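Visitor: Predicted model and sequence follow; I will ask about them next.
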Amino acid sequence: MSKLSFRLNYALSLKKGNVFLDVGSDHALLALALEEEGKVYASENKIGPYSTLVNTLKRNGSNVIPLFLDGIKDIPDDIECVYILGMGGRTIEKILKEGEEKLKKIKYLIISPQSDFYLPITFLYNHGFIDEEGTYIFEKHYYPVLRFSHYDKRIVYNDDESKYSISAIKNRDGGLKNLLLTKLALFEKIGEDKENEILELRRLLKLWN
């Protein structure tokens, strides 16, 4: 089995529960690693990737259960912790919206949107979840890896938190700081028509002082 990347290793460390699902499992690296922690499902929604997933599991003599399905709306009821990693934020939000009924039964969600972070983050805040742990990791570019769980109070958040996550800002996450510094350097280089964005980034970065 191939070695997990730093991002996948960190995602693995966020695990909670005993029954896991890796959505869009690809070559099943994470699913195979999770197998040591409990019962694992791994899914793909296209025949080619699904065949690759099944063959990988067979080759490794794995007990991971492959699922040919789209998103989370039809997943088994015993799943406690769902991983949705490496997809765009719009895709993750779409998966969450279509599986809204299933969300009521899922205890933990670990997501890592590659873009449009605010879409799945705010969707989960508005549907009774809060991110309790996570960080921003650099893998070609910076993006978050966050674990969400159910929260029994109304989530109150501001614009910064909806963009980047409550836990990352509260914990003054170093990876998020590096992302903001990278964006600031880019906007300062562009200069024209970026004054508002530059001011917003400088304001937010003051939190790390």
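Guide: Cool, the structure landed.

Visitor: State the three-state secondary structure for the nearest residue to residue 15 once chain neighbours are set aside.
Guide: Spatially, and ignoring its direct neighbours in sequence, residue 15 is nearest to residue 37 (5.8 Å; C-beta to C-beta, 6 or more residues apart in numbering). C-beta coordinates here come from the backbone N, C-alpha and C atoms, glycine included. Secondary structure state of residue 37, per DSSP: H, G, I helix; E, B strand; the rest coil, is coil.

Visitor: what residue ranges in the protein score low on pLDDT?
Guide: Filtered on pLDDT under 70, the chain yields the residue ranges 1-2.

Visitor: For residue 169, see how far away the residue nearest to residue 15 is.
Guide: Here the distance between residue 37 and residue 169 works out to 29 Å (C-beta to C-beta, to the nearest Å).

Visitor: now the strands: where do they sit in the protein?
Guide: 19-23, 39-44, 65-68, 81-85, 108-112, 129-139, 141-150 (DSSP state E).

Visitor: As a markdown table, these with mean neighbour count and distance to residue 102 would be great.
Guide: A markdown table is the format used below for those (neighbours: other C-beta atoms under 10 Å; distance: least, C-beta to C-beta, whole Å):
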| stretch | mean neighbour count | distance to residue 102 |
| --- | --- | --- |
| strand 19-23 | 25 | 10 |
| strand 39-44 | 24 | 13 |
| strand 65-68 | 17 | 13 |
| strand 81-85 | 24 | 9 |
| strand 108-112 | 25 | 11 |
| strand 129-139 | 19 | 13 |
| strand 141-150 | 21 | 13 |
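
Visitor: Output those strands as a markdown table; include the columns distance to residue 191.
Guide: Formatted as a markdown table, these follow (distance: least, C-beta to C-beta, whole Å):
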| stretch | distance to residue 191 |
| --- | --- |
| strand 19-23 | 41 |
| strand 39-44 | 44 |
| strand 65-68 | 49 |
| strand 81-85 | 35 |
| strand 108-112 | 32 |
| strand 129-139 | 25 |
| strand 141-150 | 22 |
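
Visitor: of all these, which lies closest to residue 161?
Guide: Closest approach to residue 161 among the strands of the chain (C-beta to C-beta): strand 129-139, 9.3 Å.

Visitor: Just the C-alphas of the closest one, formatted as CSV.
Guide: C-alpha atoms of strand 129-139 as CSV (Å, rounded to 0.1, in the frame of the first residue of the first chain):
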residue,chain,number,x,y,z
PHE,A,129,-22.7,21.2,12.8
ILE,A,130,-19.6,23.0,14.1
ASP,A,131,-15.9,22.4,13.3
GLU,A,132,-14.2,21.2,16.5
GLU,A,133,-10.7,20.6,15.1
GLY,A,134,-8.7,21.2,11.9
THR,A,135,-6.0,23.0,10.1
TYR,A,136,-4.9,24.4,6.7
ILE,A,137,-2.5,22.3,4.9
PHE,A,138,-0.3,23.1,1.8
GLU,A,139,-0.6,20.5,-1.0
